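1. Requesting a structural model of the entry that follows:
(chains A and B)
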Number of protein chains: 2
Amino acid sequence: MTLIQKLAAVVGQQNVFSAPDERYAYSYDATFRRHRPDVVVRPANTEEVAGILRLAWETETPVVPRGAGTGLSGGSVPVRGGIALDLTRMNRILEINTDDLLAVVEPGVVTDDFARAVAEKGFFFPPDPSSSKSSTIGGNLAENAGGSRAFKYGVIRDYTLGLEVVLADGRVIHTGGRTIKNVSGYDLTRLFVGSEGTLGVITQAVLRFIPPPEATRTLLTFFPRLDDAARTVSAIIARGITPAALEFMDDQSIRVVEEYLHLGLPLDVEALLLVEVDGPAAVLAQQIAEIAALCREMGSRELRVASTAKEAENLWKARKSISPAVARIKPTKISEDATVPRSRIPEMVRRLKEIAARYDLKMVIFGHAGDGNLHPNIMCDERDADEMRRVEQAVAEIFQAALELGGTLSGEHGIGFMKAPFMPREHGENGLWAMRSIKQALDPRGILNPGKIFPAAQDTKVILP
Amino acid sequence: MTLIQKLAAVVGQQNVFSAPDERYAYSYDATFRRHRPDVVVRPANTEEVAGILRLAWETETPVVPRGAGTGLSGGSVPVRGGIALDLTRMNRILEINTDDLLAVVEPGVVTDDFARAVAEKGFFFPPDPSSSKSSTIGGNLAENAGGSRAFKYGVIRDYTLGLEVVLADGRVIHTGGRTIKNVSGYDLTRLFVGSEGTLGVITQAVLRFIPPPEATRTLLTFFPRLDDAARTVSAIIARGITPAALEFMDDQSIRVVEEYLHLGLPLDVEALLLVEVDGPAAVLAQQIAEIAALCREMGSRELRVASTAKEAENLWKARKSISPAVARIKPTKISEDATVPRSRIPEMVRRLKEIAARYDLKMVIFGHAGDGNLHPNIMCDERDADEMRRVEQAVAEIFQAALELGGTLSGEHGIGFMKAPFMPREHGENGLWAMRSIKQALDPRGILNPGKIFPAAQDTKVILP
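-> Coordinates of the predicted model:
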């Protein structure tokens, strides 16, 4: 029997795809590099995943776990071919327990579907990556996805109590459990979260949720000077207020959105700040008044406060329209998530603008100001070889700038293949040795998502193939 | 040169101790088993720690990192001899950064000293293990210590952004960094937190802190029926209130404290509940009124609300006096921290009482009701061989009960040597294989804190030697 026949024996013929067009559909994610898997397999349960991994282990075939393919660092692109392991059939919510405030889910559940199911029971699941309408819990866990609410509420790692994981050789383990506190042995749960499918395949997760905030208030304002916006962010936090969102847009982001939607955004400002607070209704009015006073004091203009959900949605419109607005300008978008300590945001924005100017590239900068998580997006055209060479150099300089300012290569997108060449600069030889040792211990044959996180000798370029 | 001479060359003669009485001082922690190290070494900085580990690595000598020795699972007891690595000289707070809300500290800083330094700058470091007056940040990190505030604020892991760690062979690595969001490679920070000194020696930590709550309110009440207390805990949480503390004491805990302090506590009740809420002053009055109404509705008696810090201190008196009260009764205290999902607390308390009765042992039960983290304390006398045999069997049944109810061996004390024999029951062969593989990868010679976490063939007893 061939490997494909053996895989069909595990999951059924109808769940194995090997035609070129079928494999093409699994060759990309939300980045730009493509590589077809040799075969696509769609398991229905943990036993089938274990069966697939045993076959892959025996034949030393790469396995690339995949949810909705919305990743921004290339985590689910099968750069070394092999098996694309599509987990979207495993999409059941197995339990929502409102006594212990926890749920048990399969990896293929769409994030928003899960959040909605929790909300229907009267509770709140905070993790909100921008992709949440289509991305899956498994993908969010593999990348340790963030989102706008992370500053106040944390990332999905902070809502994960336990995991079921199939290891490279098909062994099944259960990490963590159903308790909030757990210090029994090594924290394998948090080792697998964010490991990008390189250490095991998550087949089930115990997630916790919380009571919802009573109310939400939203404020939008504009700053003629970037530094004033940054000072305002620090002042809000120093005042003891922890907003649920603290979103930032630079002048170029404002411009591309305004040209797209004609919302009447001012074009003579350096920054937009969107602040959302949630919590007991009794304190929100005072908090939003305090924030408004701080903004004005620091030099903001055109301050708008939403008093209804509809008005709040309008205030969010500019922020949420950046991606479609940017897509109109150039066909290729390079979305980065270089992250710096909050106090270094102004310096980072200045460096990003200087890099864009030097390489003559169009760049918008926006992101989550509360946790220093910026998203410089370069708009380019992958058919323009000269431009892509400049992009390549600019991206390298962006990473370098983040590291020089005490930051990290990635705040919420992960490393994938895109940032792997820069890992030695952030972690040094010893840090990478420790990570590689763990990888080697759990996956000695290197079959799980090869070509990700760790730089390979041949991968010296970030953007160019 | 002997190893001791070589160690003296690294840290200076005055920081190496090998006399029997000096070694005796490093033979125990807050558990009851003792074992002397062969030598005690007190390094002053990371370079010295690395030098010590290189010597230990070459000679395959066990190294047992140690802070204040307040651990409750035996983590710092040198059960295989070797080098006791006393980190209390490395006790500097290197930075408190109020712009980025982070601090950089050495492992020997006493937890309360650090919390006080942060408070003096107007901020709040929530982790509050009961030992915080004497325990160190390094020890708290090694055990991932919890505390009363963990239900609302999380444990020390949740406040750790980055670590400097010396690995078994003397390599130095830096994990995480200075940003709140960081998904660059494996989450080594959270792998080392809670690893009980078995994977590396933490020599520096980047910790975050937060703005302090505006105000605090405290409520104490008594329940004739345990189930009603448990229902009240669930009802408070379901109402969307997340108390900063939700402490529970059973009838026996109340009795031993009352006999000790004569506070006028009722002796005809099954449970005491202490609830503390913190946050904006504007909402606390309403929250505490809601909680009081819920308590009364569920059948509580003698409800007291503190309106000053002094009154709050009085309400905490019973809870904080359990340990000294218990110490009066019998010389040996076995303090467990079996943890179950919150909804299983009543069942767990019933099982604990049944176990204590069956083995004719004195037991008090108290703990953190919000996260199901119970502390059954057995009062016994280690000179009474028959009693200790019964304790041994009772402790085994306690662990078994926690696991059967979906819980864990340890919520906040760690595994150490005390719970190691039970690790296979919680994690299974595959789970332990994954943990052992990581240990083997990072410390192939097994020199870091041997005899902890992993069960050895000779360690089948929990209490008895």
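2. so how far is the first residue of stretch A:327-340 from its last?
-> Stretch A:327-340 has an end-to-end distance of 26 Å (CA to CA, to the nearest Å).
3. For it, buried residues please.
-> For stretch A:327-340, the neighbour count (16 or more other CB atoms under 10 Å in any protein chain shown) marks A:330, A:332-340 as buried. No exception for glycine: its C-beta is placed from N, CA and C like everyone else's.
4. got it, and stretch A:360-373?
-> A:361, A:363-373.
5. How about it and chain B, touching?
-> Yes: residues of stretch A:360-373 contacting chain B under CB under 8 Å from any CB of the partner chain: A:368, A:370-373.
6. Can you redo the buried residues of stretch A:327-340 as CSV, where the extra columns are distance to chain B and pLDDT?
-> Listed next are the buried residues of stretch A:327-340 as CSV, based on distance: CB to the nearest CB, whole Å; pLDDT from 0 to 100:
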residue, distance to chain B, pLDDT
A:K330, 27, 91
A:T332, 23, 90
A:K333, 20, 89
A:I334, 18, 90
A:S335, 14, 90
A:E336, 13, 92
A:D337, 8, 92
A:A338, 10, 87
A:T339, 5, 95
A:V340, 7, 96
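7. and which of the residues you listed is nearest to A:V105?
-> For the buried residues of stretch A:327-340, the closest approach to A:V105 (CB to CB) belongs to A:D337, at 25.4 Å.
8. can you pull the contacts of that closest one?
-> A:72, A:367, A:373-375, A:410-413 (CB atoms under 8 Å, 6 or more residues apart in numbering or on different chains).
9. among these, which two are most distant?
-> A:L72 and A:L374 (13.7 Å).
10. one step back: of the contacts of A:D337, which belong to helices?
-> Within these, no residue falls in helices by DSSP state H.
11. Of those residues, which is the most crowded?
-> Within the contacts of A:D337, A:S410 tops the neighbour count with 32 neighbours, counted by other CB atoms under 10 Å in any protein chain shown.
12. Can you name the residues that contact it?
-> A:73, A:337-339, A:419, B:182-184.
13. now those residues in CSV, with secondary structure and distance to A:R34?
-> Listed next are the contacts of A:S410 as CSV, based on DSSP: H, G, I helix; E, B strand; the rest coil; distance: CB to CB, whole Å:
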residue, secondary structure, distance to A:R34
A:S73, coil, 15
A:D337, coil, 21
A:A338, coil, 24
A:T339, strand, 27
A:K419, coil, 18
B:N182, coil, 28
B:V183, coil, 23
B:S184, coil, 24
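14. out of those residues, who's nearest B:L220?
-> Among the contacts of A:S410, B:N182 lies closest to B:L220 (CB to CB), at 41.0 Å.
15. So in terms of bridging, what pairs with the nearest residue to the closest one once chain neighbours are set aside?
-> In space, and not counting its chain neighbours, B:N182 is closest to A:T408: 4.7 Å by CB to CB, 6 or more residues apart in numbering or on different chains. Here A:T408 sits in beta bridges with A:T339, going by DSSP bridges.
16. just checking, A:T408 touches B:I180?
-> No: using CB atoms under 8 Å, A:T408 is not in contact with B:I180, being 10.2 Å away.
17. start to end distance for stretch A:203-219?
-> 40 Å.
18. same question, stretch A:365-377
-> End-to-end span of stretch A:365-377 (CA to CA): 6 Å.
19. which residue packs closest to the residue in the stretch 1-150 of chain A that chain B sits nearest to, ignoring adjacent ones?
-> Of all residues in the stretch 1-150 of chain A, A:D99 sits closest to chain B, at 3.9 Å by CB to the nearest CB. Among residues not flanking A:D99 along the chain, B:S343 sits closest, at 3.9 Å (CB to CB, 6+ apart).
20. would A:E347 count as being in a helix?
-> Yes: assessed with DSSP: H, G, I helix; E, B strand; the rest coil, A:E347 lies in a helix.
21. Tell me which stretches of the stretch 351-465 of chain A form helices.
-> All helices of the stretch 351-465 of chain A, identified by DSSP state H, counting those that start in this stretch, fall at A:385-404, A:423-442.
22. ok, how many other residues are close to the closest residue in space to A:L284 that isn't next to it in sequence?
-> Nearest non-adjacent residue to A:L284, counting by CB to CB, 6+ apart: A:R217, 4.6 Å away. Residues near A:R217, counting by other CB under 10 Å, number 22.
23. Same check on the one 4 residues further on?
-> By other CB under 10 Å, the residues close to A:T221 number 25.
24. does it sit in a helix, a strand or a coil?
-> strand.
25. That one pairs with what?
-> Under the criterion used (DSSP bridges), A:T221 bridges to A:L273.
26. Pull the contacting residues for it.
-> Shown in contact with A:T221 (CB under 8 Å, 6+ apart): A:272-273, A:275, A:292, A:295, A:300-304.
27. Name the residue in A:T408 and B:I180 with the higher neighbour count.
-> Neighbour count, other CB under 10 Å: between A:T408 and B:I180, A:T408 has more, with 28 against 24.
28. ok, that one to A:R225 distance?
-> Look at A:T408 and A:R225: by CB to CB, to the nearest Å, they are 27 Å apart.
29. just A:L3 next, same as before
-> With the distance defined as CB to CB, A:L3 ends up 61 Å from A:R225.
30. same thing with A:S132?
-> Taken as CB to CB, the span from A:S132 to A:R225 is 33 Å.
31. neighbour-wise, which of the two wins?
-> The residue with more neighbours, out of A:S132 and A:R225, is A:S132; 21 against 15, by other CB under 10 Å.
32. count of neighbours near A:A271?
-> Counted with other CB under 10 Å, residues neighbouring A:A271 total 29.
33. Just read off the phi/psi values of it.
-> phi -160, psi 150 (degrees, to the nearest 10).
34. can you tell me which residues contact it?
-> Counting by CB under 8 Å, 6+ apart, A:A271 has contacts A:222-223, A:225-226, A:228-229, A:248-251.
35. rerun that using 6 Å as the cut-off
-> Contacts for A:A271 (CB atoms under 6 Å, 6 or more residues apart in numbering or on different chains) come out as A:223, A:226, A:229.
36. Of all the residues you listed, the one with the weakest confidence?
-> The lowest pLDDT within those belongs to A:L226, with 92.
37. which SS state does A:T179 fall under?
-> For A:T179, the assignment made with three-state DSSP gives coil.
38. separation between it and chain B?
-> If you measure A:T179 against chain B using CB to the nearest CB, to the nearest Å, the figure is 5 Å.
39. got the CA positions of stretch A:311-321 in PDB?
-> Provided in PDB are the C-alpha atoms of stretch A:311-321 (Å, rounded to 0.1, in the frame of the first residue of the first chain):
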ATOM      1  CA  GLU A 311     -22.200  54.800  17.600                       C
ATOM      2  CA  ALA A 312     -19.300  52.700  19.000                       C
ATOM      3  CA  GLU A 313     -19.400  50.600  15.800                       C
ATOM      4  CA  ASN A 314     -19.000  53.800  13.800                       C
ATOM      5  CA  LEU A 315     -16.000  54.800  15.900                       C
ATOM      6  CA  TRP A 316     -14.400  51.400  15.200                       C
ATOM      7  CA  LYS A 317     -15.100  51.800  11.500                       C
ATOM      8  CA  ALA A 318     -11.800  53.500  10.600                       C
ATOM      9  CA  ARG A 319      -9.700  51.000  12.600                       C
ATOM     10  CA  LYS A 320     -11.600  48.000  11.200                       C
ATOM     11  CA  SER A 321     -11.300  49.200   7.600                       C
END
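40. A:R351: how many residues sit nearby?
-> Neighbours around A:R351, by other CB under 10 Å: 21.
41. do the same with A:A44
-> Residues within reach of A:A44, counting by other CB under 10 Å, total 15.
42. That one reaches A:R89, doesn't it?
-> Yes: counting by CB atoms under 6 Å, A:R89 is a contact partner of A:A44 at 5.3 Å.
43. what ranges of chain A fall below the confidence cut-off?
-> Residue ranges of chain A with pLDDT under 70: A:457-465.
44. Give me the domain ranges for chain A.
-> Listed domain ranges for chain A are A:3-86, A:93-208, A:215-323, A:330-414 (source: automatic domain parsing).
45. Determine which stretch of the ones you listed is the most buried.
-> domain A:93-208 (a mean of 23; mean count of other CB atoms under 10 Å in any protein chain shown).
46. That'll do, ta.
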